[in-house]
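> following is a predicted model, sequence given first.
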Amino acid sequence: MKFIYFRKTSMWASIMAITSVCTLAGCGNSTQTDEKNPVDMAGAMVDVTTLTKIADTTLAQNKVSVFVQDSLTSKNETIYIQVTDLNGDPTTDAHLDYDVVMDMGMVSHGGPYYPPVDLGNGLYKAEVVFIMANMNDMGKGWMLNAFLNKKDSLSFILPVSEAKYARTIPVGTKDDSRVFVSLLLPEEVKAGSQPIDFTLHKMDHNLFPALEGYTVEIEPFMPDMGHGSPNNKAATSKGDGHYSGMINFTMKGHWKIKVNLFKGGEKVSQEELEFPVEVR
């Protein structure tokens, strides 16, 4: 088996990225995506120059680069994967797939992730939920395994740190056992009424299927002032484990969002979750 080691970016000097080139059959990898990757024209406006490159590697005919908005933390994150030729021109006929694995040394496990979305011009969007941060001295941490054109397998070590405020929290439920609830709201938001989004994934051994059929009830609360806010709307399913509602922050300051899961009008989460947020 041939190994190619690719360069580290100056901003992430501590990041290691190891690329192994082999057949998928030889590597024993399997993926969850469909054979067809629809082009998302709405996302084609992503400007790669505004992103942070965390790794790249060069193959015989292609260069593969991994970008993020800023950094990766233990929450629902978006990763961008770019495929170009050796001259840096976009490769428009590539077939890309991927999965994620948490390598903890003696054991490993997966995590929730969505099929890649083809944004066009050799750029792909990957939505991943990192259910925990990397741990010092415990394996390699989170790995992104990319599969290019069904023949080349590439592995990238991802620098995932602990989120400042909890954004992915596990909770026990009546029907689906352990469920990971991910709030997609930033740590800081503006005052006023605004959309609030979640993703829900079930933990089923090493698989994390997206969950439908829930209602995510929300209650914003301001501890320092002892009050909540009116005109909030529970988050309902939009498909593929995504839920959307409306939340109203009536003033600036520190807030907590209390979250409970309902199904068929009945509360099914075993405890109430709390997500902190700063309103500026």
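Received it, and whenever you're ready, just let me know what you need. Numbers count the residues shown, from 1 in each chain.
> isn't residue 122 right up against residue 81?
No - with contacts counted by Cβ atoms under 8 Å, residue 122 stays clear of residue 81, the gap being 9.1 Å. Every C-beta, even on glycine, is put in place using the N, C-alpha and C of the backbone.
> and the contacts of stretch 68-79?
With contact meaning Cβ atoms under 8 Å, 6 or more residues apart in numbering, stretch 68-79 is reached by 51-52, 54, 66-67, 80, 125-133, 142, 144, 158-164, 167-168, 182-184, 199.
> filter those down to the buried ones, PyMOL style.
Buried residues within the contacts of stretch 68-79, by 16 or more other Cβ atoms under 10 Å, are selected in PyMOL with:
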select buried, resi 51+54+66+67+80+125+126+127+128+129+130+131+132+133+142+144+158+159+160+163+167+168+182+183+184+199
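> so which of the contacts of stretch 68-79 belong to strands?
52, 54, 66-67, 80, 125-129, 142, 144, 160-161, 168, 182-183, 199 (DSSP state E).
> ok, which stretches of the chain are helices?
Using DSSP state H, the helices of the chain run over 24-27.
> residue closest to the middle of it?
For the chain, residue 128 is the residue whose C-alpha lies nearest the centre (Cα atoms, centre = their mean; 2.3 Å).
> what sits against the nearest residue to that residue once chain neighbours are set aside?
Sequence neighbours aside, residue 113 is the residue nearest to residue 128 in space, at 4.5 Å (criterion: Cβ to Cβ, 6 or more residues apart in numbering). Applying Cβ under 8 Å, 6+ apart, we find residue 113 in contact with 32, 98, 99, 100, 126, 127, 128, 129, 208.
> in JSON lines: those, plus pLDDT and distance to residue 117.
Conversion of those to JSON lines gives the following (pLDDT from 0 to 100; distance: Cβ to Cβ, whole Å):
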{"residue": "32", "pLDDT": "43", "distance to residue 117": "14"}
{"residue": "98", "pLDDT": "98", "distance to residue 117": "11"}
{"residue": "99", "pLDDT": "97", "distance to residue 117": "15"}
{"residue": "100", "pLDDT": "97", "distance to residue 117": "15"}
{"residue": "126", "pLDDT": "98", "distance to residue 117": "8"}
{"residue": "127", "pLDDT": "98", "distance to residue 117": "8"}
{"residue": "128", "pLDDT": "98", "distance to residue 117": "12"}
{"residue": "129", "pLDDT": "98", "distance to residue 117": "16"}
{"residue": "208", "pLDDT": "97", "distance to residue 117": "18"}
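> for residue 257, state which of the residues you listed is nearest.
Nearest to residue 257 out of the contacts of residue 113 is residue 129 (Cβ to Cβ; 17.8 Å).
> next up, the contacts around that closest one.
By Cβ under 8 Å, 6+ apart, the neighbours of residue 129 are 75, 76, 77, 111, 112, 113, 168, 180, 182, 199, 201, 208.
> partner residues bridging residue 262?
On the basis of DSSP bridges, residue 262 is bridged to residue 215, residue 267.
> tell me the pLDDT of it.
At residue 262, the model reports a pLDDT of 98.
> surely it and residue 215 touch.
Yes - counting by Cβ under 8 Å, residue 215 is a contact partner of residue 262 at 4.4 Å.
> any common contacting residues for these two?
Common neighbours of residue 262 and residue 215, counting by Cβ under 8 Å, 6+ apart, are residue 234.
> ok, these two, which is more surrounded?
Neighbour count, other Cβ atoms under 10 Å: between residue 262 and residue 215, residue 215 has more, with 19 against 14.
> so the more buried one makes contact with residue 235?
Yes - counting by Cβ under 8 Å, residue 235 is a contact partner of residue 215 at 7.3 Å.
> burial check on residue 234, number of neighbours?
Neighbour count of residue 234, defined by other Cβ under 10 Å: 19.
> please apply the same query to residue 70.
8.
> one more: residue 249?
By the criterion of other Cβ under 10 Å, residue 249 has 22 neighbours.
> cool, residue 179 as well?
When neighbours are defined as other Cβ under 10 Å, residue 179 has 22 of them.
> can you tell me the closest non-neighbouring residue to residue 114?
Per Cβ to Cβ, 6+ apart, closest to residue 114 is residue 127, 4.3 Å.
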